[in-house]
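Novice: got a predicted structure plus its sequence, pasted below:
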Amino acid sequence: MSTETTPVRVLVADDQKVVRDGLSLLIGMLPGVEVIGTAVDGTDAVRQAAACVPDVVLMDLSMPNCDGVEATRQIADRQPGVRVVVLTAFADDDSVFAALRAGARGYLTKNAGAGEILQALSAVCAGEAQLDPSVQRRLVEAVVSGEPPGGPPAPAAAEPPDGLTQRELEMLTEIGAGLSNAEIAAKLRISGATVKSHINHLLAKTGSRDRGQLVGYAFRHGLAA
């Protein structure tokens, strides 16, 4: 843990202002910790991480424009010295493993208290990992059972069209199959808000105006039958 003269510099990323402000206040009161900024979405988190170079980014997952997983991946690729600790309401397998694969060094749910957050900041700054106990149990179960983390990977094209991520390809396949947002959320074990966020990304990346055009796009690229 850093000393008082060199506090851990934290960037808080969350799209909800009340959560963002509350976290900033709470974390700023922790010993040896300094909040150097707040980001309103993943794109803003990537930009501010590049500009301010924090020690740790405390990252929400479900955010517009660029979600927390993609923001974590970009930060891990571009700034390996910046650690990312996920702080989210989601502890489902899909969210956990996607975040860890993207490069997150810690994973906490929003039930975490100030002591747990401080412990996570200390751990990742020391080069260790810090996982919520439920997440840790799930990882152990996956290893013991021999199950690939997050389940079997979906087949992906060698070069996904329009820079789509693997998750966006999966989402597009389900849209092409005619599933509703609620059905996609249940099948992929993610929240409705995350589904909407992915659909917004798909609309922007594919140049589609609405869901109907996304279905057509899925058929044209062999993602639906």
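Specialist: The structure has been received and is ready for your questions.
Novice: in three-state terms, label Val84 for me.
Specialist: Each residue gets one of three states, and Val84 gets strand by DSSP: H, G, I helix; E, B strand; the rest coil.
Novice: and it, what does it touch?
Specialist: Residues near Val84 by CB atoms under 8 Å, 6 or more residues apart in numbering: 56-57, 59, 72, 75-76, 103-106. All C-beta spots, glycine's among them, are computed from the backbone N, C-alpha and C.
Novice: which of the residues you listed has the largest number of neighbours?
Specialist: Counting neighbours by other CB atoms under 10 Å, Met59 leads those with 30 neighbours.
Novice: which helix is the longest one in this structure?
Specialist: Longest helix of the chain, by residue count under DSSP state H: helix 192-206.
Novice: picking that back up, now render the contacts of Val84 as JSON lines, adding pLDDT.
Specialist: Below are these laid out as JSON lines (pLDDT from 0 to 100):
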{"residue": "Val56", "pLDDT": "97"}
{"residue": "Val57", "pLDDT": "97"}
{"residue": "Met59", "pLDDT": "96"}
{"residue": "Thr72", "pLDDT": "94"}
{"residue": "Ile75", "pLDDT": "95"}
{"residue": "Ala76", "pLDDT": "91"}
{"residue": "Gly103", "pLDDT": "89"}
{"residue": "Ala104", "pLDDT": "90"}
{"residue": "Arg105", "pLDDT": "89"}
{"residue": "Gly106", "pLDDT": "90"}
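Novice: Throw those residues into TSV and include distance to Gln130, thanks.
Specialist: Below are the contacts of Val84 laid out as TSV (distance: CB to CB, whole Å):
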residue	distance to Gln130
Val56	11
Val57	14
Met59	13
Thr72	15
Ile75	17
Ala76	16
Gly103	14
Ala104	10
Arg105	7
Gly106	4
